[in-house]
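give me the fold of what follows.
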Amino acid sequence: MKTPADVVSIHPYYKARPGKLEAAKALLPAFVKISATEPKSLGYDFTINDDVIFCPEAYVGATGVQEHLANVGTLLNGLMTLDDLIRLEIHGPAAELEKLKESLAGLNPAFFIYECGVVK
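Numbering: from 1, shown residues only. From the prediction side, this is the model:
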(Lines give C-alpha, C1' and ligand atoms only; values in the text may rest on other atoms or scores of the structure.)
Protein backbone atom coordinates (compact mmCIF):
# COMPACT_ATOMS: atom_id res chain seq x y z
CA MET A 1 0.00 0.00 0.00
CA LYS A 2 1.39 3.39 -0.94
CA THR A 3 1.07 6.06 1.69
CA PRO A 4 0.85 9.78 0.99
CA ALA A 5 3.90 11.94 1.57
CA ASP A 6 1.95 14.05 4.07
CA VAL A 7 1.04 11.27 6.53
CA VAL A 8 0.92 12.39 10.16
CA SER A 9 0.82 9.79 12.90
CA ILE A 10 -0.20 10.33 16.50
CA HIS A 11 1.06 8.21 19.38
CA PRO A 12 -0.77 8.97 22.63
CA TYR A 13 -0.13 7.00 25.82
CA TYR A 14 -2.77 7.15 28.56
CA LYS A 15 -2.46 5.81 32.10
CA ALA A 16 -5.76 4.71 33.57
CA ARG A 17 -6.45 6.09 37.00
CA PRO A 18 -6.82 3.54 39.81
CA GLY A 19 -9.99 1.52 39.34
CA LYS A 20 -10.84 3.19 35.98
CA LEU A 21 -9.24 0.84 33.43
CA GLU A 22 -12.42 -1.12 32.67
CA ALA A 23 -14.45 2.08 32.21
CA ALA A 24 -11.75 3.46 29.90
CA LYS A 25 -11.68 0.21 27.89
CA ALA A 26 -15.45 0.42 27.47
CA LEU A 27 -15.05 3.72 25.57
CA LEU A 28 -12.51 2.42 23.05
CA PRO A 29 -14.95 0.81 20.57
CA ALA A 30 -16.74 4.15 20.17
CA PHE A 31 -13.45 5.81 19.18
CA VAL A 32 -12.82 3.05 16.62
CA LYS A 33 -16.34 3.35 15.20
CA ILE A 34 -15.93 7.09 14.61
CA SER A 35 -12.42 6.74 13.19
CA ALA A 36 -13.57 4.07 10.74
CA THR A 37 -15.82 6.65 9.04
CA GLU A 38 -13.12 9.29 8.57
CA PRO A 39 -11.86 9.47 4.96
CA LYS A 40 -8.41 10.75 6.00
CA SER A 41 -7.86 8.06 8.65
CA LEU A 42 -5.21 5.54 7.59
CA GLY A 43 -5.11 3.42 10.72
CA TYR A 44 -6.41 3.46 14.27
CA ASP A 45 -5.80 0.86 17.00
CA PHE A 46 -5.68 0.45 20.74
CA THR A 47 -3.23 -1.70 22.68
CA ILE A 48 -2.97 -2.05 26.44
CA ASN A 49 -0.07 -2.89 28.76
CA ASP A 50 -1.19 -3.16 32.38
CA ASP A 51 -2.92 0.20 32.98
CA VAL A 52 -1.38 2.03 30.00
CA ILE A 53 -3.50 2.46 26.89
CA PHE A 54 -1.72 3.21 23.61
CA CYS A 55 -3.45 4.38 20.44
CA PRO A 56 -1.29 4.41 17.30
CA GLU A 57 -3.15 6.34 14.63
CA ALA A 58 -2.34 7.90 11.24
CA TYR A 59 -3.99 10.47 8.99
CA VAL A 60 -3.57 12.16 5.66
CA GLY A 61 -2.03 15.48 6.66
CA ALA A 62 -2.59 17.85 9.52
CA THR A 63 -6.14 18.35 8.25
CA GLY A 64 -6.89 14.68 8.86
CA VAL A 65 -5.62 15.00 12.43
CA GLN A 66 -7.67 18.13 13.08
CA GLU A 67 -10.83 16.56 11.64
CA HIS A 68 -10.35 13.47 13.80
CA LEU A 69 -9.85 15.48 16.98
CA ALA A 70 -13.03 17.43 16.24
CA ASN A 71 -14.93 14.17 15.67
CA VAL A 72 -13.80 12.49 18.91
CA GLY A 73 -13.71 15.59 21.12
CA THR A 74 -16.61 14.57 23.35
CA LEU A 75 -15.32 11.01 23.71
CA LEU A 76 -11.81 12.26 24.42
CA ASN A 77 -13.10 14.52 27.17
CA GLY A 78 -14.79 11.49 28.71
CA LEU A 79 -11.65 9.38 28.45
CA MET A 80 -9.61 12.10 30.11
CA THR A 81 -11.79 11.82 33.22
CA LEU A 82 -10.65 8.20 33.52
CA ASP A 83 -6.98 8.47 32.70
CA ASP A 84 -4.02 10.80 32.29
CA LEU A 85 -2.18 11.54 29.07
CA ILE A 86 1.38 10.54 29.98
CA ARG A 87 3.05 10.97 26.57
CA LEU A 88 2.03 12.30 23.18
CA GLU A 89 4.16 11.97 20.06
CA ILE A 90 3.27 13.48 16.69
CA HIS A 91 5.25 12.18 13.68
CA GLY A 92 5.27 13.53 10.14
CA PRO A 93 6.70 15.94 7.61
CA ALA A 94 7.87 19.27 9.04
CA ALA A 95 5.32 21.30 7.04
CA GLU A 96 2.41 19.23 8.35
CA LEU A 97 3.67 19.28 11.94
CA GLU A 98 3.99 23.05 11.82
CA LYS A 99 0.25 23.26 11.12
CA LEU A 100 -0.46 21.37 14.36
CA LYS A 101 1.93 23.00 16.81
CA GLU A 102 -0.33 25.81 17.95
CA SER A 103 -3.54 23.79 18.29
CA LEU A 104 -1.82 20.93 20.16
CA ALA A 105 0.50 23.03 22.33
CA GLY A 106 -1.66 22.55 25.43
CA LEU A 107 -1.05 18.79 25.27
CA ASN A 108 2.74 19.26 25.29
CA PRO A 109 3.47 16.82 22.44
CA ALA A 110 6.88 15.73 21.23
CA PHE A 111 7.09 16.44 17.49
CA PHE A 112 9.16 14.03 15.37
CA ILE A 113 10.06 15.21 11.86
CA TYR A 114 9.99 12.56 9.13
CA GLU A 115 13.46 11.90 7.73
CA CYS A 116 13.22 8.84 5.44
CA GLY A 117 11.54 5.46 5.11
CA VAL A 118 10.10 2.75 2.88
CA VAL A 119 6.94 3.35 0.88
CA LYS A 120 5.26 0.26 -0.55
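
drop to CA atoms for contacts and neighbour counts, all remaining ones
OK.

element containing the one residue sitting closest to the centre of the chain, please.
For the chain, the residue nearest the mean C-alpha position is residue 10 (4.0 Å; Cα atoms, centre = their mean). Per DSSP states H and E, residue 10 falls inside strand 7-16.

per-residue confidence for the residue located most distally from the centre of the chain?
In the chain, the residue that sits farthest from the middle, by Cα atoms, centre = their mean, is residue 19; the gap is 23.6 Å. At residue 19, the model reports a pLDDT of 98.

go on, residue 10?
At residue 10, pLDDT is 97.

returning to that earlier point: just checking, the residue nearest to the centre of the chain touches residue 87?
No: if you go by Cα atoms under 8 Å, residue 10 and residue 87 don't touch, sitting 10.6 Å apart.

could you check the angle the longest helix that the chain contains makes with strand 7-16?
Looking across the chain with DSSP state H, the single longest helix is helix 21-36. Orientation of helix 21-36 against strand 7-16 (axes from the mean of the first three to the mean of the last three Cα atoms, to 10 degrees) gives an angle of 160 degrees.

same for helix 21-36, what does it pack against?
Packed against helix 21-36, as judged by 3 or more Cα pairs under 8 Å, 6 or more residues apart in numbering; DSSP states H and E, are the following elements: strand 41-44, helix 73-79.

residue 33 is nearest to which of those?
Nearest to residue 33 among the helices and strands packed on helix 21-36 is strand 41-44 (10.0 Å), distances taken as Cα to Cα.

please enumerate residues in contact with the closest one?
32, 35, 55, 56, 57, 58, 59, 60, 64, 68 (Cα atoms under 8 Å, 6 or more residues apart in numbering).

buried stuff in stretch 43-61?
Neighbour-count burial for stretch 43-61, counted by 16 or more other Cα atoms under 10 Å, picks out 44, 51, 52, 53, 54, 55, 57, 58, 59, 60, 61.
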